[in-house]
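> Build the 3D model from these lines:
(chains A, B, C and D)
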There are 2 protein chains.
Amino acid sequence: MSARASSPPGNDSADYPPASAAAAMAGRDVERLRMWLRILDISNLVQRDIRAHLRAGFNVTLPRFDLMAALDRAGPEGMTMGQLSRRLRVSGGNVTAVVDRLEREGAVTRRSPPEDRRTHFIALTEEGRRQFLAMAEAHLGWIDGLFAGLSPSEVGTLTGLLDKARRSAAERAAEEAPKDGAKDGRKGGRDG
Amino acid sequence: MSARASSPPGNDSADYPPASAAAAMAGRDVERLRMWLRILDISNLVQRDIRAHLRAGFNVTLPRFDLMAALDRAGPEGMTMGQLSRRLRVSGGNVTAVVDRLEREGAVTRRSPPEDRRTHFIALTEEGRRQFLAMAEAHLGWIDGLFAGLSPSEVGTLTGLLDKARRSAAERAAEEAPKDGAKDGRKGGRDG
DNA sequence: TGAAAATATTTTAAGCTTAAAATATTTTCG
DNA sequence: CGAAAATATTTTAAGCTTAAAATATTTTCA
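Okay, here's the model as predicted:
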């Protein structure tokens, strides 16, 4: 859950910028902020709904579902902890914790190849994959249902503009945080 | 941070539906799912950036910023714990925890009116409000920067479509979870 | 070879989050 | 009045999350 996120929150519509902060905003362009708050609202709303469905229908949390999705995509060999960390964009410690629980539940296995005992390959068990496929199918239905109020053409327009917005934000966030100064985009990380 | 959320994750663009789940998705419409994943991506990306800025520039977390924003909006009397819980759409226990920390830091005060000692009004201290205004000003600038790649007209179109998407999701999420069966939309809650 | 550096993961400390149980207080109503 | 219900908040148990420190193992290279 968590409706959190840098919001003059509780927004069901207009009233931005927030009351007292209004003074500080005087004369500033607020349209991009307004747009962002819509994105945030939808994101929170949909995530809340999906989490509730996952819990009620499958007794699974979103982090576990996401991790299983990555493993499903990876195929039978699975992925290493480091690969999962990068793919999911979460910390290594986080992957350790979530994998621990999935392993305890029998949804994934950990195995270390003899040639490098530092690393661990995580893979879905048969049961884990079966569970995931059922969840993925249901998930698609939930999303379709939530956005049923948009026509196919509206969905297309929105997706296109969102792509542009994403590129804008990704570029600018990246240049703020140079991280690594790496040459070609592969290095400095942890494994591959 | 957390890039989490019901995603065939790690998406920088296409490759949905995810590999093995593809079988389950056969013949299903995937456009709305694709759109949702764009929203999710942007939301995670921007929140990550904002959190980093808030921490680096103000040594503050997003939940604390959000709570302070609500209080700023509320004016000098502040808000009760229950009002904060509903406004921020988080649990009561959560509000207790975040307020505890803000209080410890001197950003907010708790006071209980004599006529109802169950309740507590939380308000920004002078220092808390000063801090918040500086953060809100910076926040607006970060958002403007991230979405600078969109023209004003694109921002307008996007905001309009997002509004429609939000209404769609909100309506459908609401009818799934009837919660209260209340008659006219005000009741059954906790306070006002 | 063998010490230093690099890599891969786990552990730890702290904070956010929820649902459910526990407390405290006020309101209702027999 | 006084017990039961309602209301407001805090506490608890569990899980997610991160950054930073600690471990374990492999690679580099003098």
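> For chain A, which segments are assigned as helices?
Under the criterion DSSP state H, helices of chain A are mapped to A:22-25, A:31-58, A:62-74, A:81-88, A:92-104, A:126-146, A:152-176.
> can you tell if stretch A:126-139 touches DNA strand D?
No. On the criterion C-beta under 7 Å from any atom of the strand, stretch A:126-139 is out of touch with DNA strand D, staying 13.9 Å away. For glycine as for every other residue, the C-beta is placed from the backbone atoms N, C-alpha and C.
> Please save the CA atoms from stretch A:32-39 in PDB.
Taking Å, rounded to 0.1, in the frame of the first residue of the first chain, the C-alpha atoms of stretch A:32-39 are listed here in PDB:
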ATOM      1  CA  ARG A  32       4.200  19.400 -14.900                       C
ATOM      2  CA  LEU A  33       3.700  18.900 -11.100                       C
ATOM      3  CA  ARG A  34       0.000  18.500 -11.700                       C
ATOM      4  CA  MET A  35       0.700  15.800 -14.300                       C
ATOM      5  CA  TRP A  36       3.100  14.000 -12.000                       C
ATOM      6  CA  LEU A  37       0.600  13.900  -9.300                       C
ATOM      7  CA  ARG A  38      -1.900  12.200 -11.600                       C
ATOM      8  CA  ILE A  39       0.700   9.600 -12.400                       C
END
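> what is the mean pLDDT for it?
Average pLDDT, stretch A:32-39: 96.
> and it with chain B, contact?
Yes. Against chain B, stretch A:32-39 shows contacts by C-beta under 8 Å from any C-beta of the partner chain at A:Arg32, A:Leu33, A:Arg34, A:Met35, A:Trp36, A:Arg38, A:Ile39.
> Against A:Thr125, how distant is the residue lying closest to A:Leu45 once chain neighbours are set aside?
Leaving aside its sequence neighbours, A:Leu45 sits nearest to B:Ala169 (C-beta to C-beta, 6 or more residues apart in numbering or on different chains; 5.2 Å). Note on B:Ala169: its distance to A:Thr125, by C-beta to C-beta, to the nearest Å, is 34 Å.
> and if you look at A:Phe132?
From A:Phe132 across to A:Thr125, the span is 10 Å (C-beta to C-beta).
> buried set for stretch A:127-141?
A:Gly128, A:Arg129, A:Gln131, A:Phe132, A:Leu133, A:Met135, A:Ala136, A:Ala138, A:His139, A:Leu140 (16 or more other C-beta atoms under 10 Å in any protein chain shown).
> that older thread, which of the residues of stretch A:32-39 next to chain B come close to DNA strand D?
Okay, of those, nothing touches DNA strand D (C-beta under 7 Å from any atom of the strand).
> before we move on, back to that, residues touching the residue nearest to A:Leu45, list them.
Going by C-beta atoms under 8 Å, 6 or more residues apart in numbering or on different chains, B:Ala169 touches A:Ile42, A:Leu45, A:Val46, A:Asp49, A:Leu146, A:Phe147, A:Gly149.
> What count of nearby residues applies to A:Asn94?
18 (other C-beta atoms under 10 Å in any protein chain shown).
> Thought A:Ser85 was touching it, still the case?
Yes. With contacts counted by C-beta atoms under 8 Å, A:Asn94 reaches A:Ser85, the gap being 7.5 Å.
> Would you quantify the distance from the residue nearest to A:Ala21 when sequence neighbours are not counted to B:Asp29?
Excluding its sequence neighbours, the residue lying closest to A:Ala21 (C-beta to C-beta, 6+ apart) is B:Ala136, at 4.2 Å. Distance from B:Ala136 to B:Asp29, counting by C-beta to C-beta: 41 Å.
> Sketch out the low-pLDDT regions of chain A for me.
Judged by pLDDT under 70, chain A has its weakly predicted residues at A:1-20, A:22-24, A:26-27, A:177-192.
> Get me the contact residues on it for DNA strand D.
Counting by C-beta under 7 Å from any atom of the strand, chain A sits next to DNA strand D at A:61-64, A:89-94, A:97-98, A:101, A:115-118.
> In PyMOL, select just the buried ones from those residues.
Selection command for PyMOL covering only the buried members of those, criterion 16+ other C-beta under 10 Å:
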select buried, chain A and resi 62+63+64+89+90+94+98
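> I'd like to know how many residues surround A:Ala123.
Neighbours of A:Ala123 (other C-beta under 10 Å): 17.
> Sorry, wrong one. I was asking about A:Met81.
A:Met81: 19 neighbours (other C-beta under 10 Å).
> can I assume it is in contact with A:Thr96?
Yes. Counting by C-beta under 8 Å, A:Thr96 is a contact partner of A:Met81 at 6.8 Å.
> For stretch A:48-58, buried residues please.
Buried positions in stretch A:48-58, judged by neighbour count with 16+ other C-beta under 10 Å: A:Arg48, A:Asp49, A:Ile50, A:Arg51, A:His53, A:Leu54, A:Phe58.
> Any chance of a markdown table for the residues you listed, columns distance to A:Thr109?
Converted to a markdown table, the buried residues of stretch A:48-58 look like this (distance: C-beta to C-beta, whole Å):
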| residue | distance to A:Thr109 |
| --- | --- |
| A:Arg48 | 32 |
| A:Asp49 | 31 |
| A:Ile50 | 26 |
| A:Arg51 | 26 |
| A:His53 | 27 |
| A:Leu54 | 22 |
| A:Phe58 | 20 |
